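Trainee: got a predicted structure plus its sequence, pasted below:
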Amino acid sequence: MTQTTKLYIHVPFCHAKCYYCDFYSSPNNKWMEGYVDAVINEWNRRKLTAPGPVDTIYLGGGTPSSLPLPLLERLLSALPSTGLREFTIEANPEDVTPEWVRFITERTSINRVSMGFQTFDDKELAAIGRRHSAAQSLNALELLRTHGISNISCDLIYGLPGQDLESWQRSLDTLIGCRPQHISAYLLSYEPGTRLDVMLAKGKVSETDEETVSQMYRYLCVATAKAGYSHYEISNFALPGYEAIHNSSYWDGSPYIGIGPGAHSWDGSNRSANPSDLKRYVECRGEGFGVIEEETDSNRFNDHTITALRTSAGLNLGTVMQKFGPDYLSELKAQAKPLIASGDLIYVAETDTLHIPESKWLVSNPILLQLIKVDDD
């Protein structure tokens, strides 16, 4: 079977930084033209060694929808436009205007839009520095549908400052009632260096207690299942046939190419990363910018195990044998045995797979720690 290429483009621009966000981004628009030129140059060079034709593209960030349409058009003109199974662009609701949607539907190959709603409570949106309102989220969703976008993914966050169980239920019920094809729901994390983390340290906000978070997660699982969504990855839910093709490649170990400052790549053996430095990226036009991250067999095994067990497909033991050999498989089975006995893992003989029960996905880290392999010093 012909190998394909998954292409990720990191667009490091935002109108403003959300309080919880630790992704690399900048509000400095003066670098936009140079950035687009550098991305095109990097892609033209790296496509020469791509493993196969591009079949998925994901424009993430940052906020790709913050690019002026002429620059976005110049960027897209350099990327593949045929043979794509999925072409996703991330957008903020306030950027989804009739002009923007007409451009996406009439002049590009983009067939999937991912929007960050986060909550339908305007006070909660303000508390995390979002620039849109709940009404704008609903309007953006309707505008995309009116113009024929039939694959829409929407993000929510639970455990927000000031959010209680009832508020979370209202936001989730509102989104489910809109029937987007895909829902991503993330537990808020206080990342070091973010404005929200500073607010937490100063006592201006407080973390949601574990019991409330557990109730929020349980409601998420039950409500989405009742509405016909498949919980196929710890934070991702899809109507039948709408699982994210590109993002699934990160979880099944497929190689991918990341372009732009802050983007990461995986060739099946080693990872590489572009430093999060927009100015230097523009100055060197994306050339000689990436840094190879050498990986040991244990690193690869751990990555494979962790990502597989975050999905409903689970960890296939035959694949472990094929990729890592009998010693790794034997040790994995030995470590898994007590976890199976305690109910923290489930073994499915028909598929020869290990699974973490859905009810324990949210608290899966202690389980995963018992399965990963630590290199000897």
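Mentor: Yes, it's here. Numbers count the residues shown, from 1 in each chain.
Trainee: make it CA atoms for all contacts and neighbour counts henceforth
Mentor: Noted.
Trainee: could you pull out the strands for the stretch 251-377 of the chain?
Mentor: 256-259, 264-266, 271-273, 291-293, 315-316, 346-348, 353-355 (DSSP state E, counting those that start in this stretch).
Trainee: winner for burial among those?
Mentor: Mean neighbour count, computed with mean count of other CA atoms under 10 Å, is highest for strand 256-259 among the strands of the stretch 251-377 of the chain, reaching a mean of 24.
Trainee: does anything pack onto it? Which helices or strands?
Mentor: Secondary-structure packing of strand 256-259 (3 or more CA pairs under 8 Å, 6 or more residues apart in numbering; DSSP states H and E): strand 5-11, helix 32-46, strand 264-266.
Trainee: show me the contact partners of that strand.
Mentor: 5-10, 39, 42-43, 50, 249-250, 264-267, 273-274 (CA atoms under 8 Å, 6 or more residues apart in numbering).
Trainee: do the same with stretch 112-126
Mentor: Contacts for stretch 112-126 (CA under 8 Å, 6+ apart): 86-93, 131-134, 137, 149-158, 160-163, 167-168, 170-171, 174.
Trainee: return the subset of those residues lying in strands.
Mentor: The strands, defined by DSSP state E, take in 86-91, 152-158 from the contacts of stretch 112-126.
Trainee: thinking again about what came up before, nearest to residue 245, of the strands of the stretch 251-377 of the chain?
Mentor: In terms of CA to CA, the element of the strands of the stretch 251-377 of the chain nearest to residue 245 is strand 256-259, at 12.2 Å.
Trainee: what is the rounded mean pLDDT of that closest one?
Mentor: Taken as a whole, strand 256-259 has a mean pLDDT of 96.
Trainee: repeat for stretch 51-65
Mentor: 93.
Trainee: equivalent analysis for stretch 150-169, please.
Mentor: pLDDT averaged over stretch 150-169 gives 97.
Trainee: buried sites along stretch 42-52?
Mentor: Of all the residues in stretch 42-52, those buried under the rule 16 or more other CA atoms under 10 Å are 42, 43, 47, 50, 51.
Trainee: shaky segments in the protein?
Mentor: Applying pLDDT under 70 to the chain flags the ranges 1, 376-377.
Trainee: all helices of it, in order?
Mentor: Remark: helices assigned in the chain by DSSP state H are 32-46, 69-77, 98-107, 122-127, 134-146, 165-178, 195-201, 210-226, 245-252, 278-283, 297-309, 317-324, 326-342, 365-369.
Trainee: would you mind listing the buried residues in the second one?
Mentor: Applying a neighbour-count criterion of 16+ other CA under 10 Å, the buried positions in helix 69-77 are 72, 75, 76.
Trainee: out of the residues you listed, the closest to residue 186 would be?
Mentor: Using CA to CA, the buried residues of helix 69-77 come closest to residue 186 at residue 72, 28.3 Å.
Trainee: for stretch 155-163, which residues meet the burial criterion?
Mentor: In stretch 155-163, counting by 16+ other CA under 10 Å, buried: 155, 156, 157, 158, 159, 160, 161, 163.
Trainee: relative to residue 249, how far out is the nearest residue to residue 345 once chain neighbours are set aside?
Mentor: Using CA to CA, 6 or more residues apart in numbering and skipping residues adjacent in sequence, the residue nearest residue 345 is residue 356, 4.8 Å away. Separation of residue 356 from residue 249 (CA to CA, to the nearest Å) stands at 20 Å.
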